[in-house]
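structure for this input, please:
(one chain, ligands or ions: 1)
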Amino acid sequence: MNIININTRESYDCIVGEGLISLVPSLINDLTINSNIALITDDIVDKLYADSLFNDLKKNRKLKTIKLVIKSGEKSKNKETLFNILEFLGDNNFNRSDYLISLGGGVVGDIVGLSSALYMRGINYIQIPTTLLSMVDSAIGGKTGIDLKSGKNLVGAFKEPKMVICDINIIKDLPSSIFKEGMAEVIKCDIIGNLGIKNNILNNEIKDNIESIINKCLYLKKDIVEKDEFETNGLRKVLNLGHTIAHSIEAISNYSISHGNAVGMGLLIESKISYELGIINKETLDEIINILKISNLIFDLKYDIDELISFMKNDKKNNDELISFILIESFGNIKEIKLNEKELKNILNKIMK
Ligand SMILES: NC(=O)c1ccc[n+]([C@@H]2O[C@H](COP(=O)([O-])OP(=O)(O)OC[C@H]3O[C@@H](n4cnc5c(N)ncnc54)[C@H](O)[C@@H]3O)[C@@H](O)[C@H]2O)c1
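Numbers count the residues shown, from 1 in each chain. Below is the predicted model of the structure:
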């Protein structure tokens, strides 16, 4: 078991290891001994893990343990689900000393995190991520949120969890379509931090090394969020690599393209933009395309470029007429570039034809 302390405004531990789901009652005992618990999950994870966790918690605790199941998928990350959760807490007389537990992927984690920021102006929560994507990225760092019709994550708050529990065995059992979505964020981390994961991908040894890969990504994110928790000094922006395009793809598809798949395509298109601007060399571009291909993250994408750009302009990271991109010089070296609409349109026309 590896314990990574995330030393932000409110410091907390992220525990990584095999078989941790069955240890949850004892891992959280000190934190929650005097608290009621609301376990919140989605309908897919409910059948896989939530039932037995719920029974374990009820068996081991004297105080109230309740469960709420939301519909799985990005389309649930909206104000209706958010208010269902808040009403559920109110109906059950939850107060500030109680705890929410989010059990699921990034969708459940983001919406439970936002509920915990809002309910009574702040209630505690614990993240138990069940997808590769949520383990390596969304469960730590304190960003929470929901989507609006006009764009991704446009309503949110910073709210750090009290603990994050990553059970590696859950990842070993993930369906391949969900595993590969997480690989998009893993590849993003590898490009940002030059973590050496590309060799694992090229040698087809991802699954054998998944625990160390998850740990590497978590240490990278820890390092970044500790230095720029609230995205004020520019450092945290690097985590948006691939995301300017990805968020537009998600919004334009009305969230039928998953976040992970959109990030994969975002990394591809933003690498190509880096190449068109002469920032990255051909060898590194080909290397990135190759690892995205091996990871099954490249697919046919035909969207109207004007529409893509109009969603990019709505993105909360763009606060002037220019559209911000995190672009790649090489593995471990990335930088922010701002493009105006005309420049971007020209480049996208070349890349996406
Ligand atoms: N807060 C942040 O810093 C941050 C960072 C990155 C991504 N995100 C957000 O995370 C979300 C994407 O997360 P995601 O990819 O985990 O999506 P998700 O939560 O929608 O999960 C993907 C699918 O996998 C299913 N699932 C979850 N665990 C499973 C398991 N163990 N076995 C089988 N199926 C399982 C879910 O029910 C869902 O259908 C997006 O909304 C994105 O915006 C947030």
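
look up how far residue 237 lies from residue 98.
35 Å (CB to CB, to the nearest Å). For glycine as for every other residue, the C-beta is placed from the backbone atoms N, C-alpha and C.

more crowded one of those two?
Set residue 98 next to residue 237 and count neighbours by other CB atoms under 10 Å: residue 98 wins out with 24 against 18.

give me every residue that touches the more buried one.
Residues in contact with residue 98, defined by CB atoms under 8 Å, 6 or more residues apart in numbering, are 35-38, 89, 123-124.

ends of stretch 182-202, what's the gap?
In stretch 182-202, first residue to last residue: 17 Å (CA to CA, to the nearest Å).

give the buried residues for that stretch.
Across stretch 182-202, burial judged by 16 or more other CB atoms under 10 Å covers 182-193, 195, 197-198, 200-201.

quick one: residues in contact with that stretch.
Contacts with stretch 182-202, where a contact means CB under 8 Å, 6+ apart, come from 131-137, 171, 174, 206, 209, 213, 216-217, 220-221, 238-239, 241-242, 260-261, 263-264, 267, 287-288, 290-292, 294-295, 297, 328, 330-332, 334.

then stretch 59-72?
25-26, 29, 32, 34-46, 50, 54, 57-58, 76, 81, 84-85, 88, 92, 104, 107-108, 111.

what's the pLDDT at the residue of the stretch 151-300 of the chain found nearest the ligand?
As assessed by CB to the nearest ligand atom, the ligand sits closest to residue 259 within the stretch 151-300 of the chain, at 3.8 Å. Residue 259 carries a pLDDT score of 96 in this model.

contact partners for residue 263?
Applying CB under 8 Å, 6+ apart, we find residue 263 in contact with 181, 184-185, 188, 242-243, 246.

which of those residues sit farthest apart?
Using CB to CB, the pair of the contacts of residue 263 lying farthest apart is 181 and 243, separated by 13.9 Å.

packing partners of the helix or strand bottoming out on mean pLDDT in the chain?
Within the chain, confidence by mean pLDDT, DSSP states H and E is lowest for helix 305-314 among all helices and strands, at a mean of 88. With contacts defined as 3 or more CB pairs under 8 Å, 6 or more residues apart in numbering; DSSP states H and E, the packing partners of helix 305-314 are strand 151-158, helix 243-252, strand 323-330, helix 341-351.
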